[in-house]
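Peer 1: turn this into a model:
(2 chains)
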2 protein chains.
Amino acid sequence: MEGEEFRTAAREMADYIVDYLTNIRQRRVLPEVQPGYLRPLLPSAAPDTPDTWQDIMADIERVIMPGVTHWHSPQFHAYFPTANSYPAILADMLSDAIGCIGFTWISSPACTELEVVMMDWLGQLLGLPQHFLAASGGKGGGVIQGTASEATLVAMLSARTKTLRQRQQQGDTHTNHSTLVAYTSDQAHSSVERAGMLAGVLLRQVPSDQEFAMRGPALRDMVKADIEKGLVPFFVVGTTGATPACSFDNLREIGEVAKEFSMWFHVDAAYAGSALVCEEFRYLVDGLELATSFNFNPHKWLLVTFDCSAMWIKDANEVVDAFNVDPLYLKHDQQGQMPDYRHWQIPLGRRFRSLKLWFVMRMYGREGLQAHIRHQVALAHQFEDYVKQDSRFELILPVTLGLVCFRLKNENSEVNEALLKNINAGGVIHLVPAKIKDVYFLRFAVCSRMTQPEDVEKAWREVLRQTQLTLEKK
Amino acid sequence: MEGEEFRTAAREMADYIVDYLTNIRQRRVLPEVQPGYLRPLLPSAAPDTPDTWQDIMADIERVIMPGVTHWHSPQFHAYFPTANSYPAILADMLSDAIGCIGFTWISSPACTELEVVMMDWLGQLLGLPQHFLAASGGKGGGVIQGTASEATLVAMLSARTKTLRQRQQQGDTHTNHSTLVAYTSDQAHSSVERAGMLAGVLLRQVPSDQEFAMRGPALRDMVKADIEKGLVPFFVVGTTGATPACSFDNLREIGEVAKEFSMWFHVDAAYAGSALVCEEFRYLVDGLELATSFNFNPHKWLLVTFDCSAMWIKDANEVVDAFNVDPLYLKHDQQGQMPDYRHWQIPLGRRFRSLKLWFVMRMYGREGLQAHIRHQVALAHQFEDYVKQDSRFELILPVTLGLVCFRLKNENSEVNEALLKNINAGGVIHLVPAKIKDVYFLRFAVCSRMTQPEDVEKAWREVLRQTQLTLEKK
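Peer 2: Presented below is the predicted three-dimensional model:
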């Protein structure tokens, strides 16, 4: 396939995409295929000679679509949203065509420099503390990571290197990986536990309070107990909008404890961070100026396609120090004048992802992004109101952003689990459950940017229908 | 921007892309901008209200292109290739539109299942040992990672967990991270050293032989010496097509040593692996059946856009064991029947990247992919012949694949360094240097899939022109 054929194929694909997204409500949100469905639909090996473009286009509906979980269906309410928008798709097309690998400044100056400026634009949109922005002229700056998991791991590994080096310089020969302790809430995402496994350090889960928030005193008690055991607290992750119930750690209290014990303080706002484009939600990150690093995923809730995880660091040198290896074939004359982002991340290679941020921020504008967030929060409140008005249900937490956590009040976990299963088997909407302190509940997340009040109403009607069936069968 | 506007914009973007790639020879391969060039070209903050699509399209030439290093220019001969092709761009468009996150089977069955089958197709195309393929019915299988750096890290962390657990089960209380030792060649990519830093283990560089290959005896000597010191050898990386001079470790010898000392044997063929689609290059991986894991980047030399790094593991359970955390919101009823790829990688989230492999393998066919590799190898030999015919130059190694390493024979490193700088300043072609055992040399890599014999001839003429200028100025 060369240029002229591509022009035609790209038009067909663009038409297919618009038709897919426009008519997505007609598709069953969760597919009905069984594991192993796909292999029999394909030849057992790649073809020797080219298939035609028309064969491939036809196979999208025959092979792929029957097995797709439609994350952008307005009936998809599982996990958290993953973002999608037309400007982001266009930016990815351009990124693919330029196809540069931005590991150093010289390997494509535009790739690095647009990222520096876009991370400033984005940081300003969110009202982040000045010291996180490159434009402040300090040591801070932003970088696009692939996922929040990677951002947490980058922060943890940087903190590990920093602490071990400091201890070594102080003549401490006792401290090593296995005496380092990291902390996070019992509500934190599983990727924090995983980062601890990968970094080879101890990770403690601090019990959260009644609103599922990690608080300063509980953290301080644990830190002190560990120090008495001869361990070395070095890192704490605070979560803004935790996955199970979208709860919010008390960043100010955690930040004070982190300062007291010289720990790196990383804030993971993977989902909720997008809401900071609206000033009325910034109270959720009160104390953020105490953080060493901050991360959220525009690819979740800010209309930028996966992957685009935005991370800011107060002192970028502390990351570079942990990740720097410098072979001759990657050296260049302008080193030190602009970031070489390869030192800021786990992989070496990187795509031109800042184009997506640029296109989306420009084509929505600040007001468009705010409108998107406010609209989705309103939809969550609409569902919350339905729950409140039906005395058979209870909310796990009042709704703050786009997630509603609810359960059948007078029923045990088994009945609620049956309800969840019946809802998903019904095929009208898709939800996933969570459990906090042995209480099983259902999570209704507003996900698709195309979700409208009538979709939320439809979802609630389906919950009611399945509730009736579940309680009858009990 | 909604659907109808997107149809038009996507057409404009497709046209822009075709024009960009068709006329790319007219652009200076390496930009002339200075660090900091971009910020003054943009407003200091995101707009409040939307910019128009036409503004954005116009800014690609005004803001972005002056700072792009054109990796797909037939005059780009730096680093190693990064792939680009029209079928891959189309697949990415579809992947963006579906926009699913394939962390578990249920989160989008098609995303997981197409990846399983495509990794089998690709493994067959390369003639990999059967035990790496899921279709073999064994414990092996393939997964798409982001980069070779991540694949190396995943293998190393899995080996670390496996070794520490085994030692623990044997009642060994002495072994920990800091007593583990990994090995690689002194020619290995910097990402291996980095993986060692991140994993917190010792990493030894085994001196390569006169053809820059790591050999069994040198490795065995180091391993034995470490065991005598009370250290625990656990992991070795063999490289097929190392970055500095595209040299090849002796996999069979390394595999035998790995077996003897029960080490995990990872093979990194990031660049060269693509050549295995041609049977005549498979001798380069003689002994591959002894490997525990194997990785190469279709996004380098097999026409699949970044990121798509293909990794196969002999026993996938050994990776899952090291990475598994299992919160309720990610559990599903079909667990265990198909891979949940979140346990095979560093991040949790993942895009629908197997679409790119599917589109590319189908639209090129086995023969098309072979023709691409053979054409590029022939171009490297064309350049090699020029070098051989000019007695002022010497080759560092005979050419095997698409890289030619050469230098001015009777001149010191400073003169060769001056030649490299002059070539890059000339703006006609772009090369990067490398150094092995204190010998500085220039690397000519065949990168763009559009490179033709006349481009190679042009490159050589430029080398001659700059050689004359450099020697005159000496």
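Peer 1: where in the stretch 351-474 of chain A is pLDDT low?
Peer 2: Across the stretch 351-474 of chain A, not a single residue meets the criterion (pLDDT under 70).
Peer 1: and the strands in it, which stretches?
Peer 2: In the stretch 351-474 of chain A, the strands defined using DSSP state E, counting those that start in this stretch lie at A:393-395, A:403-408, A:432-436, A:439-445.
Peer 1: repeat for the stretch 1-150 of chain A
Peer 2: Using DSSP E, counting those that start in this stretch, the strands of the stretch 1-150 of chain A run over A:141-145.
Peer 1: can you give me the helices in it?
Peer 2: A:3-22, A:53-59, A:86-98, A:109-125, A:148-169 (DSSP state H, counting those that start in this stretch).
Peer 1: ranking the strands of the stretch 351-474 of chain A by burial, who's on top?
Peer 2: strand A:403-408 (a mean of 26; mean count of other Cβ atoms under 10 Å in any protein chain shown). Placement of C-beta: from N, CA and C, glycine included.
Peer 1: using PDB, write out every CA atom in that strand.
Peer 2: C-alpha atoms of strand A:403-408 as PDB (Å, rounded to 0.1, in the frame of the first residue of the first chain):
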ATOM      1  CA  LEU A 403     -18.400   7.400  40.300                       C
ATOM      2  CA  VAL A 404     -21.400   6.100  42.200                       C
ATOM      3  CA  CYS A 405     -20.900   3.300  44.700                       C
ATOM      4  CA  PHE A 406     -24.000   1.500  45.800                       C
ATOM      5  CA  ARG A 407     -25.500  -1.700  47.100                       C
ATOM      6  CA  LEU A 408     -28.700  -3.400  48.200                       C
END
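Peer 1: output the contacting helices and strands for that strand.
Peer 2: Packing contacts for strand A:403-408, counted by 3 or more Cβ pairs under 8 Å, 6 or more residues apart in numbering or on different chains; DSSP states H and E, involve helix A:354-388, strand A:393-395, helix A:413-426, strand A:439-445.
Peer 1: mind running it again at 6 Å?
Peer 2: With contacts defined as 3 or more Cβ pairs under 6 Å, 6 or more residues apart in numbering or on different chains; DSSP states H and E, strand A:403-408 has these neighbours: helix A:354-388, strand A:439-445.
Peer 1: so what strands line up beside it?
Peer 2: strand A:393-395 (antiparallel), strand A:439-445 (antiparallel) (DSSP bridges).
Peer 1: ok, and what's touching the first one?
Peer 2: Strand A:393-395 has contacts (Cβ atoms under 6 Å, 6 or more residues apart in numbering or on different chains) with A:387, A:406, A:409.
Peer 1: the first one and residue B:363, how far apart?
Peer 2: Looking back up the chat, that one is residue A:387. Counting by Cβ to Cβ, to the nearest Å, the gap from residue A:387 to residue B:363 is 50 Å.
Peer 1: between these two, which one's more packed in?
Peer 2: The neighbour comparison of residue A:387 against residue B:363 (other Cβ atoms under 10 Å in any protein chain shown) goes to residue B:363, with 25 against 20.
Peer 1: wait, doesn't the more buried one sit right on residue B:89?
Peer 2: No. The criterion here is Cβ atoms under 6 Å, and residue B:363 misses it with residue B:89 at 11.4 Å.
Peer 1: which parts of the stretch 101-250 of chain A sit against chain B?
Peer 2: Within the stretch 101-250 of chain A, the positions lying close to chain B (Cβ under 6 Å from any Cβ of the partner chain) are A:101, A:107-110, A:113, A:117, A:121, A:124-125, A:146-147, A:149-150, A:157, A:176-178, A:190-191, A:193-194, A:198, A:200.
Peer 1: drop anything exposed from those.
Peer 2: A:101, A:107-110, A:113, A:117, A:121, A:124-125, A:146-147, A:149-150, A:157, A:176-177, A:190-191, A:193-194, A:198, A:200 (16 or more other Cβ atoms under 10 Å in any protein chain shown).
Peer 1: quick one: least confident helix or strand in chain A?
Peer 2: Here the helix or strand of chain A ranked lowest by mean pLDDT, DSSP states H and E is helix A:317-323, holding a mean of 87.
Peer 1: that one near chain B anywhere?
Peer 2: No. On the criterion Cβ under 6 Å from any Cβ, helix A:317-323 is out of touch with chain B, staying 6.8 Å away.
Peer 1: output that helix in CSV with nothing but the alpha carbons.
Peer 2: Taking C-alpha atoms only, helix A:317-323 is exported to CSV below (Å, rounded to 0.1, in the frame of the first residue of the first chain):
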residue,chain,number,x,y,z
ASN,A,317,17.3,15.9,38.8
GLU,A,318,16.2,13.3,41.4
VAL,A,319,14.6,11.2,38.7
VAL,A,320,17.5,11.7,36.2
ASP,A,321,20.0,10.7,38.9
ALA,A,322,18.2,7.3,39.3
PHE,A,323,17.8,6.6,35.6
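Peer 1: what packs against that helix?
Peer 2: helix A:148-169.
Peer 1: which residues touch the helix it packs on?
Peer 2: By Cβ under 6 Å, 6+ apart, helix A:148-169 touches A:145, A:175, A:191-192, A:195, A:199, A:234-235, A:264, A:266, A:268, A:270, A:293, A:295, A:297, A:309, A:311, A:318-319, A:322, A:346, B:198, B:347-348.
Peer 1: please flag which of those sit within strands.
Peer 2: Using DSSP state E, the members of the contacts of helix A:148-169 that fall in strands are A:145, A:234, A:235, A:264, A:266, A:268, A:293, A:295, A:309, A:311.
Peer 1: can you count the residues close to the third one?
Peer 2: In this case it means residue A:235. Neighbours around residue A:235, by other Cβ under 10 Å: 30.
Peer 1: quick one: pLDDT of it?
Peer 2: Looking at residue A:235, its pLDDT is 98.
Peer 1: show me what from the stretch 351-474 of chain A comes close to chain B.
Peer 2: So the stretch 351-474 of chain A meets chain B at A:351, A:361, A:362, A:363, A:365, A:366, A:367, A:368, A:432, A:434, A:435 (Cβ under 6 Å from any Cβ).
Peer 1: I'd like to know how far the closest residue to the third one other than its chain neighbours sits from residue B:307.
Peer 2: Sequence neighbours aside, residue B:51 is the residue nearest to residue A:362 in space, at 4.2 Å (criterion: Cβ to Cβ, 6 or more residues apart in numbering or on different chains). For residue B:51, the distance to residue B:307 (Cβ to Cβ) stands at 29 Å.
Peer 1: okay, the two: which has more neighbours?
Peer 2: Remark: of residue B:51 and residue B:307, residue B:307 carries more neighbours, 24 against 18, as counted by other Cβ under 10 Å.
Peer 1: can you tell me which of the contacts of strand A:393-395 is nearest residue B:31?
Peer 2: Minimum distance to residue B:31 across the contacts of strand A:393-395 is 55.0 Å, recorded for residue A:406 (Cβ to Cβ).
Peer 1: quick one: contacts for that closest one?
Peer 2: Taking Cβ under 6 Å, 6+ apart as the contact definition, residue A:406 lies against A:387, A:393, A:395, A:442.
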